[in-house]
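1. Need coordinates for the following:
(one chain, ligands or ions: 1)
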Amino acid sequence: MWQAEIHVDLAAIRHNVARLNAATTAEVMAVVKGDGYGHGAVESARAALGGGASRLGVATIDEALQLRAAGITAPTLAWLVCPGMPRARALAADIELSAASPAELREVCDAAFVAGRPAGVHLKVDTGLGRGGARPERWLELVEAVAKAQSDGLVEVVGVWSHFVHTDRPHHPTNARQLAVFAEALDVVAATGLRPAVRHIANSAAALTLPASHFDLVRAGSAVYGLPPMPDRDFGLRPAMTVRARVAFAKRVPAGAGVSYGHTYVTREPTTLAVVPLGYGDGIPRVAGNAAHVWLGGARRTITGRVSMDQFVVDCGDDPVEPGDVVTLLGPGDMGEPTAEEWASILGTVSYEVVTNFGGRSRIRRTYG
Ligand SMILES: Cc1ncc(COP(=O)(O)O)c(C=O)c1O
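-> Below you'll find the predicted structure:
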């Protein structure tokens with residue numbers, strides 16, 4: 001018996017990666033950071049590789065090592081690493097690292113020396129996003145340093161990369177400007193005699209709609225999990241995550257009954273309240289109270305009153321709802337249940353956040369099929 005579960009449709013992940021492959025001649029890197037956007041990093045990675053991805057991308061070394069510990073050997077890039085983190089361990093596990101400054105390159109070279117092997121490096125240029133990456137005016141300095149490190153046998157330049165500002169609007173003029181900056185950065189690299197195997201800037205939306213951004217590799221996350229990268233367009237993707245729980249308790253209450261903390265909801269008529277054993281401790285944002293919908297007893301219903309740490313309440317009217325009944329919070333939408341996208345638009349966020357919130361949740365069992 002189970003109380004709450006996240007079901008991940010691995011066939012959907014395979015299908016989605018196949019859709020990405022059909023949209024590009026470039027390699028596909030499946031982004032499985034954030035516990036595979038809440039879907040489970042290892043299982044998602046295996047499914048994505050099964051669907052035709054050739055590389056994996058994560059933020060941290062720990063995330064990459066988790067994949068290696070599970071026996072996944074595909075080329076894997078970890079792109080967000082603080083000074084002093086175990087880069088040598090990463091290199092020993094054949095994990096590729098990013099470098100965006102001479103200081104970061106030094107860390108990578110030191111790790112290569114300790115690991116006794118050259119580091120596979122992806123050089124990151126900031127084409128406009130304004131997060132990580134070398135500014136264009138510092139790019140030559142970085143490229144020359146890495147060329148020297150490569151001739152010293154400490155690194156092997158595998159990639160050159162960047163990331164878009166408008167990830168859901170690949171045709172935004174800023175993205176075109178970023179592509180121009182990226183092209184200049186690649187020219188500098190070529191002029192230095194370096195020949196990176198993979199040049200990459202495209203995320204899911206760009207992979208599906210902007211071929212000029214594909215280069216040798218696209219880095220796709222949201223599309224892998226079936227989240228439409230541009231909600232107004234149908235790319236034939238299938239959402240992979242379904243979140244459901246069982247009703248823990250149900251009772252009749254009279255009109256005028258306050259529900260949950262702060263009594264932000266008061267019943268208007270005699271009604272049945274169902275208690276669902278999921279709360280903000282499980283990834284349901286507190287602001288979902290009196291806002292987001294769930295599917296219960298064959299109908300959509302609004303979460304009633306405040307979401308608390310472990311539970312929320314649903315007003316079911318006169319419908320017969322019993323403890324043990326299944327309530328579906330979100331899924332592909334086939335039955336009528338809300339999608340992650342619908343949760344996101346009600347909560348004023350993006351579907352990425354809705355699903356990633358379910359990553360690493362100890363009180364929800366995860367099943368795969
Ligand atoms: C650096 C980087 N590349 C690629 C991706 C994948 O983006 P998307 O989920 O839009 O495909 C992300 C996700 O945020 C990212 O941080």
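2. Now the phi/psi pair for residue 238, please.
-> Torsion angles at residue 238 (phi, psi; degrees, to the nearest 10) stand at phi -120, psi 120.
3. With adjacent residues omitted, what lies nearest to it?
-> residue 12 (3.9 Å; C-beta to C-beta, 6 or more residues apart in numbering). (Glycine included, C-beta is placed from N, CA and C.)
4. Surely that neighbour and residue 236 touch.
-> No. Look at residue 12 against residue 236 with C-beta atoms under 8 Å: they stay out of range, at 11.2 Å.
5. So for these two, which residue has more residues nearby?
-> residue 12 (23 against 13; other C-beta atoms under 10 Å).
6. Next up, identify which helix or strand that one is on.
-> helix 10-23 (DSSP states H and E).
7. got the angle between the following helix or strand past that helix and helix 10-23?
-> Counting by DSSP H and E, the next helix or strand C-terminal to helix 10-23 is strand 27-31. Interaxial angle of strand 27-31 relative to helix 10-23 (axes from the mean of the first three to the mean of the last three C-alpha atoms, to 10 degrees): 140 degrees.
8. mind exporting the helix holding residue 12 as PDB, just the C-alpha atoms?
-> Coordinates of each C-alpha in helix 10-23 appear next as PDB, following Å, rounded to 0.1, in the frame of the first residue of the first chain:
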ATOM      1  CA  LEU A  10      10.100   6.200 -18.900                       C
ATOM      2  CA  ALA A  11       8.600   5.400 -22.300                       C
ATOM      3  CA  ALA A  12       7.600   9.100 -22.500                       C
ATOM      4  CA  ILE A  13      11.200  10.100 -21.800                       C
ATOM      5  CA  ARG A  14      12.400   7.800 -24.500                       C
ATOM      6  CA  HIS A  15       9.800   9.200 -26.900                       C
ATOM      7  CA  ASN A  16      10.600  12.800 -26.100                       C
ATOM      8  CA  VAL A  17      14.300  12.200 -26.700                       C
ATOM      9  CA  ALA A  18      13.400  10.600 -30.000                       C
ATOM     10  CA  ARG A  19      11.400  13.700 -30.900                       C
ATOM     11  CA  LEU A  20      14.400  15.900 -30.100                       C
ATOM     12  CA  ASN A  21      16.700  13.700 -32.200                       C
ATOM     13  CA  ALA A  22      14.200  14.000 -35.100                       C
ATOM     14  CA  ALA A  23      14.400  17.800 -34.800                       C
END
